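K.L.:
everything below, folded, please.
(2 chains)
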Amino acid sequence: MTALAAALKEGGANFFVYLPDVILFKTYCALAADRDVQTFQCSREDEGIAMAAGAYLAGKLPVAMMEGSGLGYSGLILARTQLQRTPMLLLASHNRVLGEAYDYHAAGCIAAEAMLKGMNIPYVTIQEASQVPTLVKQALVTVKGHKTAVGVLVPGYTVDAPA
Amino acid sequence: MTRQDVVDALVAVRGDAPVISGPGTISRLLFVTKHQPATIYQMDLAYATSMSLGVALARPDKQRVVGIEGDGSIIAALGVFTTIARYQPKNLVSIIVDDGVYGSVVDGTLETGTKGATDLAAVAKSCGIRNALTAKEKDEAVSALRRAFAEPGPWVIVVKVDNSDRLALRDRRGVISYDIVETAQNYRRELVQ
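P.N.:
Got it, this is the predicted structure:
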């Protein structure tokens, strides 16, 4: 299990929706293999956020995992889930931090942070692998306590470390 | 068949099943016909079935979970059929109220794809949802809903309705006396507490 997957579980998250993504691949594979939690693949990120919101309505603590571009698709559903005071962690790879080698990710990188800022959704960018346990668990504290979405932006060089 | 016929058929079989209803007249009719606390009205376009899918997956051993929305709304979310097919939640019922138009726009006559060649039940079936069907008459809709609440799903029921009541129904905007925040909280309380 990756440190990220372990931190998500330790923080109480138990329902995961993802759109496949190379940076978060090992994390959602680890979660999918864990019978203590539920993990589902969606067809598009806004659909996944709606599914995550439904899981909260049914008593779960959800996490939506995606590339930053997926947040770009998700303005309307995030507005609705924020109005409904839906606790939800948003994990997004490919964002406006260092370490992005290819320009074809540039549009998604711009969209991700703009969406979080525009929606006034609190977010943090992980800078080093050692920050993963603390930042993810504390993000989940805010998710639960404030009944809000919180974004955690995950550069590729910070994930995949074993727990 | 009218929208009221569809709502009456749903209310008759619903029991205490939670319902998320899409934008437009179907939400207003559902509220006026029989309000139940486990109901979210006026879900934003494209998300009634998707959010219901999340509910259904999170509580697979519980009662039926219903998403109901119009053809214009589900056309904006067709990918969800592939996700439903992937996981085959037995307790999910998706009802598509298909009048072939974007009913809330101008005079309600702007056509959706279903006015032409698009067959939403065929789309759902080709995505892998075996229990996907079209009901053109009231008795077909009643029968389909009874089956959906008695036999394992997932179900996608496309009900073809005429649009003769659109102007009368549009005059009833604002009739739902709960806001979208209250209904979400009430829905969750019914399921979780």
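
K.L.:
does residue B:48 touch residue B:67 like I think?
P.N.:
Yes: applying CB atoms under 8 Å, one finds residue B:48 in contact with residue B:67, separated by 4.4 Å. The way it works is simple: take the backbone N, C-alpha and C, and place the C-beta from them, glycine included.

K.L.:
which residues do those two both contact?
P.N.:
Shared contacts of residue B:48 and residue B:67 (CB atoms under 8 Å, 6 or more residues apart in numbering or on different chains): B:20, B:22.

K.L.:
residue of chain A with the smallest distance to chain B?
P.N.:
Here the residue of chain A nearest chain B is residue A:54; by CB to the nearest CB that distance is 2.5 Å.

K.L.:
okay, whichever strand or helix holds that residue in CSV with CA atoms only?
P.N.:
Assigned by DSSP states H and E, residue A:54 belongs to helix A:45-57. The C-alpha trace of helix A:45-57 is given here as CSV (Å, rounded to 0.1, in the frame of the first residue of the first chain):
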residue,chain,number,x,y,z
GLU,A,45,-14.7,13.2,-13.4
ASP,A,46,-17.9,15.2,-12.9
GLU,A,47,-19.8,11.9,-12.9
GLY,A,48,-17.4,10.6,-10.3
ILE,A,49,-17.9,13.7,-8.1
ALA,A,50,-21.6,13.2,-8.3
MET,A,51,-21.1,9.5,-7.4
ALA,A,52,-19.0,10.5,-4.4
ALA,A,53,-21.7,13.0,-3.3
GLY,A,54,-24.2,10.2,-3.5
ALA,A,55,-21.9,8.0,-1.3
TYR,A,56,-21.9,10.7,1.3
LEU,A,57,-25.7,10.8,1.3
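
K.L.:
ok, then the element right after that helix?
P.N.:
Immediately after helix A:45-57, counting by DSSP H and E, sits strand A:62-67.

K.L.:
specify the angle between that following strand and helix A:45-57 in degrees.
P.N.:
Put simply, strand A:62-67 runs at 170 degrees to helix A:45-57, going by axes from the mean of the first three to the mean of the last three CA atoms, to 10 degrees.

K.L.:
show me what strand A:62-67 is packed up against.
P.N.:
Applying 3 or more CB pairs under 8 Å, 6 or more residues apart in numbering or on different chains; DSSP states H and E, we find strand A:62-67 packed against strand A:15-18, helix A:45-57, strand A:88-93.

K.L.:
could you identify which of those is most buried?
P.N.:
helix A:45-57 (a mean of 30; mean count of other CB atoms under 10 Å in any protein chain shown).

K.L.:
chain center to that helix, what's the gap?
P.N.:
Taking CA atoms, centre = their mean, to the nearest Å, one finds the center of helix A:45-57 at 12 Å from the center of the full chain.

K.L.:
residue B:60 reaches residue B:88, doesn't it?
P.N.:
No: the criterion here is CB under 8 Å, and residue B:60 misses it with residue B:88 at 10.2 Å.

K.L.:
and stretch A:153-163, what's its mean pLDDT?
P.N.:
Stretch A:153-163 shows an average pLDDT of 81 in the prediction.

K.L.:
over to stretch B:125-141?
P.N.:
Mean predicted confidence for stretch B:125-141 is 98.

K.L.:
ends of that stretch, how far apart?
P.N.:
With CA to CA, to the nearest Å as the measure, stretch B:125-141 spans 18 Å from end to end.

K.L.:
which residues are contacting that stretch?
P.N.:
B:1, B:5-6, B:9, B:81-82, B:84-86, B:119-122, B:124, B:143-144, B:147-148, B:151, B:153-160.

K.L.:
OK, contacts around residue A:133?
P.N.:
Contact analysis of residue A:133 by CB under 8 Å, 6+ apart lists A:3, A:6-7, A:10.

K.L.:
for the residues you listed, pick the one with the most neighbours.
P.N.:
The most neighbours of any of these, using other CB atoms under 10 Å in any protein chain shown, belong to residue A:7, which has 23 neighbours.

K.L.:
just the CA trace of stretch B:73-91, in CSV.
P.N.:
Provided in CSV are the C-alpha atoms of stretch B:73-91 (Å, rounded to 0.1, in the frame of the first residue of the first chain):
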residue,chain,number,x,y,z
SER,B,73,-30.3,15.8,-18.8
ILE,B,74,-29.2,12.2,-19.4
ILE,B,75,-27.9,13.1,-22.9
ALA,B,76,-25.5,15.3,-21.1
ALA,B,77,-24.4,12.2,-19.0
LEU,B,78,-24.4,9.2,-21.3
GLY,B,79,-21.1,8.0,-20.0
VAL,B,80,-22.8,7.0,-16.7
PHE,B,81,-24.4,4.1,-18.5
THR,B,82,-21.0,2.5,-18.9
THR,B,83,-20.3,2.9,-15.2
ILE,B,84,-23.6,1.4,-14.3
ALA,B,85,-22.9,-1.5,-16.6
ARG,B,86,-19.4,-2.0,-15.1
TYR,B,87,-20.7,-2.4,-11.6
GLN,B,88,-24.3,-3.6,-12.2
PRO,B,89,-25.8,-2.3,-9.0
LYS,B,90,-28.9,-4.4,-8.4
ASN,B,91,-30.7,-1.7,-6.5
